[in-house]
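Let's see this in three dimensions:
(one chain, ligands or ions: 1)
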Amino acid sequence: MENVIYFDNAATTKVRPEVFEQMNKYFSESYGNGSSIYKIARESRKAIEQSREKVAAAINADKNEVFFTAGGSESDNWALKGVAESYSSKGKHIITLSIEHHAVLHTCQFLETKGFEVTYLPVEEDGIVDINKLKAAIRDDTILISVMFANNEIGSVQPIEEIGKIARQKGIIFHTDAVQAVGHIPIDVKAMNIDLLSMSAHKFYGPKGIGALYIRKGIKITPLIHGGAQEKNRRAGTENVPAIVGMAAALELTVKDLNEESARLARLRDKLIDGILSSIPYSRLNGSREKRLPGNVNISFEFVEGESILLLLDMKGICASSGSACTSGSLDPSHVLLAIGLPHEKAHGSLRLSLGMFNTEQEVDFILKELPPIISRLREMSPLYEDFLKNSKSDVK
Ligand SMILES: *Cc1c(COP(=O)(O)O)cnc(C)c1O
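Coordinates of the predicted model:
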């Protein structure tokens with residue numbers, strides 16, 4: 001077993017060694033600027049276009065519909081701001097979910113200051129949107145629906161195909177933040193009627209700082225980054241060739257054995273969930289049991305703080321998260337856990353274990369052994385737990 005046990009694959013992943021190897025050449029040999037004409041630049045250009053083809057193939061898009069960005073946050077910003085700007089004469093209403101990643105939520109809040117109106121739809125207790133509520137929110141001036149494919153904290157997978165159908169029928173543009181889904185569950189932008197899709201390489205064993213936005217042919221979108229003519233005049237800046245190559249290589253490899261690997265992960269996930277819930281009292285699973293990312297476990301433990309669990313796990317070499325990496329470090333409980341109806345104190349006591357391709361059954365067994373004593377130890381120190389025990393004793397008599 002390695003000295004680090006990494007169960008935080010929803011925050012980021014380790015780069016596959018094969019990917020790292022393929023990137024190398026574009027740092028030190030074929031390092032030419034993709035816009036120049038000599039040989040080492042032509043090699044860069046060729047690598048970029050081959051990578052674009054691989055990324056397109058992974059989601060059943062056309063090569064000309066894939067645009068490289070600096071990651072998931074940029075893709076989300078571009079999709080929302082670009083569509084808002086291009087279609088504002090048609091309407092100024094946007095529909096999204098209350099549990100979106102901050103890259104979508106904060107962009108929506110920004111657009112509200114520019115005169116757009118945003119409906120933040122609630123989700124049900126399982127973290128999934130009610131399609132009827134979505135239909136009811138649609139107005140004549142709705143220009144965009146942005147619904148995440150799968151949630152980064154609780155792993156809930158939204159009914160994307162159904163939403164795509166509705167949006168297409170109504171002539172509304174449909175964007176999905178698929179950063180947690182690409183490389184993990186099958187995606188077909190055509191069959192799912194998706195107009196715009198965000199992805200990020202570091203969530204599927206590729207490098208950080210590189211992503212893509214799929215833009216369906218015919219969708220108008222103003223650029224976010226102005227400058228040179230790269231990415232068909234839609235996204236300026238010298239292409240990050242090694243990262244682009246790494247992203248495509250990672251995605252190609254991941255999609256190739258997606259079915260097998262997701263089945264393996266789902267089995268480990270279920271072993272973790274069942275093992276934790278059966279060995280630790282006053283614990284509950286957050287998110288849907290069935291409509292769930294294969295690698296996501298999110299459990300709340302009453303009477304303890306998530307941050308304390310993380311510290312004790314860290315002492316055992318286990319990397320995990322207590323919400324999203326962006327919210328840990330602040331005292332606010334996760335907006336996602338509050339949105340599925342958890343009271344503040346339960347939201348504070350949550351633990352996310354996200355599995356990936358490098359995790360083994362042995363590691364799962366190790367956590368199942370280490371976690372129960374950690375929770376017991378924290379509860380022994382918890383005044384909340386003490387009060388609870390006193391009260392429950394007085395109830396019995
Ligand atoms: C990680 C993540 C992002 C942000 O992607 P970056 O590449 O880190 O900018 C956006 N949305 C979701 C759902 C994510 O999980």
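
so who does the residue nearest in space to the middle of the chain touch?
Nearest to the geometric centre of the chain sits residue 180, at 3.1 Å (Cα atoms, centre = their mean). Residue 180 makes contact with 10, 148-152, 155, 203, 293, according to Cβ atoms under 8 Å, 6 or more residues apart in numbering. For the C-beta atoms, the positions are set from N, CA and C on the backbone; glycine is no exception.

That one looks like it's in a helix, true?
No - assigned with DSSP: H, G, I helix; E, B strand; the rest coil, residue 180 falls outside any helix and is coil.

Could you export the contacts of residue 180 to TSV, including columns for secondary structure, pLDDT and neighbour count?
TSV is the format used below for the contacts of residue 180 (DSSP: H, G, I helix; E, B strand; the rest coil; pLDDT from 0 to 100; neighbours: other Cβ atoms under 10 Å):
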residue	secondary structure	pLDDT	neighbour count
10	coil	97	28
148	coil	98	27
149	coil	98	23
150	strand	98	27
151	coil	98	32
152	coil	97	27
155	coil	98	25
203	helix	98	28
293	coil	98	28
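
where's the residue nearest to the centre of the chain relative to residue 383, distance?
Distance, residue 180 to residue 383, by Cβ to Cβ, to the nearest Å: 36 Å.

hang on, residue 226 in a helix?
No - under three-state DSSP, residue 226 falls outside any helix and is assigned coil.

where's it relative to residue 237, distance?
Counting by Cβ to Cβ, the gap from residue 226 to residue 237 is 10 Å.

Look at these two and report which has more neighbours.
Set residue 226 next to residue 237 and count neighbours by other Cβ atoms under 10 Å: residue 237 wins out with 14 against 10.

For that one, give me its contacts.
225, 227-228, 230.

which of the residues you listed count as buried?
When the contacts of residue 237 are checked for burial by 16 or more other Cβ atoms under 10 Å, the buried set is 225, 230.

any idea which of the contacts of residue 237 is closest to the ligand?
residue 225 (14.5 Å; Cβ to the nearest ligand atom).

Show me which residues of stretch 374-382 are buried.
With the criterion 16+ other Cβ under 10 Å, stretch 374-382 contains buried residues 374-375, 378-379, 382.

Look up how far residue 152 lies from the residue of the chain found nearest the ligand.
In the chain, no residue comes nearer to the ligand than residue 72, which is 2.4 Å away by Cβ to the nearest ligand atom. Counting by Cβ to Cβ, the gap between residue 72 and residue 152 amounts to 10 Å.

Spell out which residues are contacts of both of those two.
101, 179.

ends of stretch 350-365, how far apart?
Distance between the two ends of stretch 350-365: 20 Å, counting by Cα to Cα, to the nearest Å.

picking that back up, redo the contacts of residue 237 as CSV? Include pLDDT.
Converted to CSV, the contacts of residue 237 look like this (pLDDT from 0 to 100):
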residue, pLDDT
225, 98
227, 97
228, 96
230, 96
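
okay, the residue nearest to the centre of the chain: pLDDT?
pLDDT recorded at residue 180 is 98.

Backbone dihedrals for it, please?
Here is the backbone geometry of residue 180 (degrees, to the nearest 10): phi -90, psi -10.

quick check, distance from the helix or strand hosting residue 161 to the centre of its chain.
For residue 161, the element it lies in under DSSP states H and E is helix 160-170. Centroid separation for helix 160-170 versus its chain: 21 Å, with Cα atoms, centre = their mean, to the nearest Å.

Give me the contacts around that helix.
So helix 160-170 is in contact with 129, 131, 134-135, 138, 142, 145, 147, 149, 173-174, 176, 191-195, going by Cβ under 8 Å, 6+ apart.

For PyMOL, write a command that selects the buried ones of the residues you listed.
Applied in PyMOL, the following selects the buried portion of the contacts of helix 160-170 according to 16+ other Cβ under 10 Å:
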select buried, resi 129+134+138+142+145+147+149+173+174+176+192+193+194+195
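
Buried residues, stretch 294-314. List them.
294-306, 308-310, 312-313.

try stretch 237-245
Buried residues in stretch 237-245, counting neighbours by 16+ other Cβ under 10 Å, are found at 239-245.

Tell me which of those residues fall in helices.
Members of the buried residues of stretch 237-245 lying in helices (criterion: DSSP state H): 241-245.

Please give the number of neighbouring residues around residue 4.
Residue 4 has 11 neighbours, counted by other Cβ under 10 Å.

residues touching it, list them.
By Cβ under 8 Å, 6+ apart, the residues touching residue 4 are 317, 319.

now check stretch 190-209, is it near the ligand?
Yes - interface with the ligand: stretch 190-209 contributes 200, 202-203 (Cβ under 6 Å from any ligand atom).

Poorly predicted segments of the stretch 151-300 of the chain, please.
Residues of the stretch 151-300 of the chain meeting the criterion pLDDT under 70: none.

The ligand contacts on that one?
152, 177, 179-180, 200, 202-203, 211.

Having no further points to raise, I will conclude here.
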